Structure formats: C-alpha cells, structure tokens
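Asker: Prediction below, plus the sequence it came from.
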Amino acid sequence: MPWSRSLQVAFRYALCFWLLMSAPGFLVGMFEVLDAILKWSAETTTWEWLHEGPLLWPSGIVQAIGRLDSAVWQPLTSWLWQQHLVPYEVIHQPTGSGDTGHDLAMLMVFAFVTGLFTLAWSWLASGSTGYPRASRWLHVAVRFDVAFVMLSYGSAKLYDSQFGELGLSRLTMEVGDLRPMTMVGTFMQANPGYELFGGVGEVLGALLLFHRRTACLGALVTIAVMTNVCALNWLCGVPVKVYSARLLLYTIALLVPFRARLWALFVSNRVAPPVDLAFVQDRWARRLWTAFGTGLVLFVLFLTHVNRTGPKPWLVGTEKSSLYGVWKVERMVVDGVEVAETDVTRWRYLAIDRGKDAWVREVSGTRRGFEFVLDEGKLEAQVKERRDGKLGDADAWTIVRGSKIGPVDVPLLLRNEDRAQQRIGPRPSLTVKGTWRGKPFELEVVAKRFRLQTGFRLRQELPDFW
C-alpha cells in the first residue's frame with residue numbers, strides 16, 4: 001500500500017534524526033556490552049590472550065566516540081554562542097546535567113541538519129511510494145534503543161536504589177530550603193516501595209519491547225512510565241528533561257505501525273488487520289536474528305545481575321557504625337559550664353554518619369563537620385573538626401550507651417483526641433565525655449526519630465495531613 005506524502009516526509013525526518021542524535025549512543029551501548037562480554041570471558045577462563053588485543057578494541061571505540069564531544073561539538077556550540085545563533089550561553093564544564101546550554105545547542109543543530117537532510121531526500125525521492133522495509137529496521141533499532149535504556153534505569157531502581165538512601169543530612173534539612181529536584185529525590189528515598197514500583201514498570205516495558213509480538217504493549221507500558229518521569233523532570237527541575245522527552249517521543253513513534261489497530265480498539269470498535277514488524281522474511285535469517293537478539297538480551301540481563309550484586313569497592317570505608325543516626329542534644333557542658341538552649345553555638349543535633357563522617361548542627365543552623373574514628377569495642381572516638389578543608393587537633397571522646405524515658409510519638413493515631421496526646425516511652429541515649437577544642441566536654445543525647453520514616457500502614461483511621 002503506497003504511503004502518503006506526509007508519512008514519507010515524517011519517516012525521513014525520523015530516520016535522519018535518530019541516526020544523527022541517537023545512533024552514536026546506541027553504538028556506544030553495543031560496544032560497551034561487547035567489552036563487558038570479553039572482560040567477563042577473560043575473568044571466567046584461563047585464556048591469557050583475551051587480556052590483550054581482543055579486550056582493547058571495543059573500549060577504544062567507545063573512547064573514540066566520546067572524544068567527538070570535545071573535538072567537534074564543544075568548538076561548534078561555542079561558535080554558535082559567539083555568533084548569537086543559540087539563545088543560551090554555552091559553558092563547558094562537568095556538571096552531570098543533560099540540559100546545559102551546550103546540550104540545547106546540540107539539539108538545535110541536530111534538528112536543523114535533520115531538516116536539511118529531509119528536504120534533500122524528499123527532493124531526490126519525489127517518486128517514492130514508501131519505505132516499508134526500512135521502517136521495520138528503524139522500528140527494531142529504536143525499540144532496542146529504548147528498551148536497553150529502560151532496562152538500565154529500571155535495574156538501577158530494583159538492585160541498588162537509583163536515588164540512594166535517605167541520609168542523615170537530608171533528614172535534618174528544612175523543607176523550605178529544599179529545591180524541587182531535591183524534593184523529588186527525598187520523596188523517592190523515603191518511599192522505596194514507590195521506587196520499586198517504578199523500576200518494575202521500566203523493566204517490564206523494556207522486556208515487552210524486545211519482541212515484536214509484544215512491542216505494542218511494551219510501548220504502551222513505557223509511555224505510561226515515561227510520562228510520569230517526564231512530568232517529574234520538567235515540573236521539578238530534574239536536568240534530564242530533553243533526554244526523557246526524547247525517549248517518550250521515541251516510544252510514542254513506535255506506535256505508528258499500530259495506529260489503525262489502536263483506533264479500531266479504542267475508538268471505532270472495528271476489526272483491523274494485523275501488523276507485521278518482521279524486518280527479514282527468510283525463515284533462517286529470521287531464526288538467526290531471533291537467536292542473536294535473545295542471546296544479547298539474556299546476556300545483558302545476566303551481566304546486569306552480576307554487576308549489581310557484585311562487590312562494590314567504592315563503598316569500602318562507608319559502612320554504618322553501631323552509633324549511626326541523628327541524636328538530639330538534651331544537655332551540653334563545655335569547660336564545666338552548661339551551654340544555654342538560647343546560645344546559638346549550642347549543638348542541636350549530633351549526627352554520626354557513614355564511615356568516618358560525623359557532623360553537628362548548631363541552634364543557629366550552622367553545620368560543622370568532623371572526622372569521627374570510632375573504636376566499636378571500647379566505644380571511644382577520636383574526633384577532628386573540619387575547618388576550611390583541613391582537620392584540626394584530635395579530641396578524645398568516651399561514649400556510654402543508655403536508655404532514657406521521654407516523649408514519643410503515638411505509634412498509630414486512632415481517635416482525634418490522640419493528636420494532642422503525648423506518650424512517654426524509652427529512647428536510646430548516649431552520654432559523651434571528653435574534650436572539645438581542648439576543653440572538658442560532656443554531651444547527653446537521645447535518638448532522633450523522624451516521622452518521614454513511618455513506613456507503610458494499611459489501617460489509617462486518621463490522615464497525617466497534607
């Protein structure tokens with residue numbers, strides 16, 4: 001069936017745009033998978049020759065593609081800004097943002113060049129009737145491109161928590177001082193169940209996209225997931241706005257071959273012909289491609305599991321001690337004199353964080369960091385204050401555990417009168433004695449419990465208020 005002129009132009013633009021903007025990243029991903037295969041083979045076999053030539057060329061290609069940014073794109077986007085051809089100043093610096101002036105200038109170049117290619121192609125192919133075979137190849141390439149990206153993000157949520165844990169610093173920040181992006185991260189960190197839900201949706205959509213028979217369902221699942229992601233990115237200032245929107249548009253475009261069937265299902269309630277997405281017709285060629293695709297997906301899943309569950313050397317030295325947590329200061333004595341609660345230098349919280357990190361927050365809001373080296377057996381610590389990036393003299397602290405009776409939250413609010421009720425219960429406490437800045441020092445603290453970590457409750461007689 002001949003294609004309409006508008007559909008042909010749209011296909012030309014889509015193909016040129018994907019080849020220019022996404023194909024390099026897609027190739028990088030494929031070579032990274034090949035690099036991982038070779039390295040895994042070298043680690044699991046005794047073949048010494050694998051450690052030499054065969055292991056080097058895939059990573060070399062990845063590095064060569066990466067060097068294009070500094071060799072070609074950075075000078076080009078800087079020139080565009082100097083000529084006032086882009087609306088944003090172009091600044092080259094490592095930030096982790098995907099929405100910089102440099103990135104937006106690149107996007108404008110891609111869109112403009114794609115338009116030129118599309119015009120030239122349309123002029124040269126004025127008598128064309130359509131591109132059914134090329135469209136199927138493009139469809140499978142975009143499907144795998146989106147699927148691998150979704151699989152990467154989804155596995156990060158399922159295995160390691162993409163957003164990390166709800167740390168002590170975040171727990172003690174005032175809500176009004178948080179930026180919208182930080183609020184998104186805090187929400188995800190405080191709701192691991194919701195993060196797991198999002199990860200399942202991303203992985204499910206990816207797995208369905210890999211096979212042509214479930215491609216339509218996979219696209220619909222991914223559209224639902226990515227619409228939520230785009231809403232968070234665009235409305236809360238997460239600097240992956242352009243990339244997430246591009247993934248969403250790619251996924252929507254994957255539904256173009258199914259447009260008649262979707263219209264028949266949701267609108268006209270009529271019968272529609274099936275959609276054939278097979279990009280090779282020969283039976284043996286189809287079997288080879290199926291075997292290759294299946295093997296690739298299975299290995300990526302296997303490699304993802306191995307990498308996500310393997311040892312993480314970068315976490316060494318960041319373990320939690322038995323004193324990990326935020327402790328509320330109830331009494332502070334320096335040089336034999338109790339520090340008044342109205343004194344702005346009095347400590348409000350003592351936080352013993354991961355590894356050797358500890359810090360205090362004063363009544364004034366000022367935060368002071370320490371190197372905190374704890375002897376778990378003796379509960380003795382060597383503490384050095386951090387000032388202007390340097391460590392001060394060591395102070396020795398001796399810590400005694402205890403329990404203190406005090407006000408605690410009502411665990412489950414059942415009646416309105418429970419809101420004003422205050423219960424008394426045991427709370428872990430610490431007594432710290434030693435020196436602080438060379439002066440005798442004593443501190444009494446109790447464990448701080450945060451309502452943000454309440455957790456799941458099926459029964460809720462009363463709301464917690466918005």
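Answerer: Nice, thanks for sending it over.
Asker: quick one: residue 406 is in a helix?
Answerer: No. Under DSSP: H, G, I helix; E, B strand; the rest coil, residue 406 sits outside any helix and is assigned strand.
Asker: Do you know the pLDDT at it?
Answerer: In the predicted model, residue 406 carries a pLDDT score of 84.
Asker: now the stretch 151-300 of the chain, which segments are flagged as low pLDDT?
Answerer: By pLDDT under 70, the stretch 151-300 of the chain has no low-scoring segment.
Asker: And the helices in it, which stretches?
Answerer: Under the criterion DSSP state H, counting those that start in this stretch, the stretch 151-300 of the chain contains helices at 168-171, 180-190, 192-209, 215-235, 241-253, 259-263, 283-309.
Asker: counting contacts, what elements does the longest one pack onto?
Answerer: What it means is helix 283-309. Using 3 or more CB pairs under 8 Å, 6 or more residues apart in numbering; DSSP states H and E, the elements in contact with helix 283-309 are helix 23-44, helix 132-155. From N, CA and C alone the C-beta is placed, and that goes for glycine too.
Asker: re the thing from before, with mean neighbour count as added columns, please give the helices of the stretch 151-300 of the chain in CSV.
Answerer: Shown next, in CSV, are these (neighbours: other CB atoms under 10 Å):
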stretch, mean neighbour count
helix 168-171, 17
helix 180-190, 17
helix 192-209, 19
helix 215-235, 19
helix 241-253, 19
helix 259-263, 13
helix 283-309, 13
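Asker: Nearest to residue 106, out of those helices?
Answerer: helix 241-253 (9.5 Å; CB to CB).
Asker: and the angle from that closest one to helix 23-44?
Answerer: Helix 241-253 and helix 23-44 are oriented at 90 degrees to each other (axes from the mean of the first three to the mean of the last three CA atoms, to 10 degrees).
Asker: what are the C-alpha coordinates of helix 241-253, in PDB please?
Answerer: Extracted in PDB, the C-alpha atoms of helix 241-253 (Å, rounded to 0.1, in the frame of the first residue of the first chain):
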ATOM      1  CA  LYS A 241      14.300  17.000  30.600                       C
ATOM      2  CA  VAL A 242      15.300  16.800  27.000                       C
ATOM      3  CA  TYR A 243      16.600  13.200  27.200                       C
ATOM      4  CA  SER A 244      13.500  11.900  28.900                       C
ATOM      5  CA  ALA A 245      11.200  13.800  26.500                       C
ATOM      6  CA  ARG A 246      13.200  12.300  23.600                       C
ATOM      7  CA  LEU A 247      12.700   8.800  25.000                       C
ATOM      8  CA  LEU A 248       9.000   9.400  25.400                       C
ATOM      9  CA  LEU A 249       8.700  10.700  21.800                       C
ATOM     10  CA  TYR A 250      10.600   7.700  20.500                       C
ATOM     11  CA  THR A 251       8.200   5.400  22.300                       C
ATOM     12  CA  ILE A 252       5.100   7.200  21.000                       C
ATOM     13  CA  ALA A 253       6.600   6.900  17.500                       C
END
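Asker: hmm, who's touching that helix?
Answerer: 14, 18, 21-22, 98-99, 103-104, 107, 142, 145-146, 149-150, 219, 222-223, 226-227, 229-230, 233-234 (CB atoms under 8 Å, 6 or more residues apart in numbering).
Asker: coming back round to it: now the helices of the stretch 151-300 of the chain in TSV, with distance to residue 381?
Answerer: Listed next are those as TSV, based on distance: least, CB to CB, whole Å:
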stretch	distance to residue 381
helix 168-171	17
helix 180-190	27
helix 192-209	31
helix 215-235	40
helix 241-253	44
helix 259-263	64
helix 283-309	33
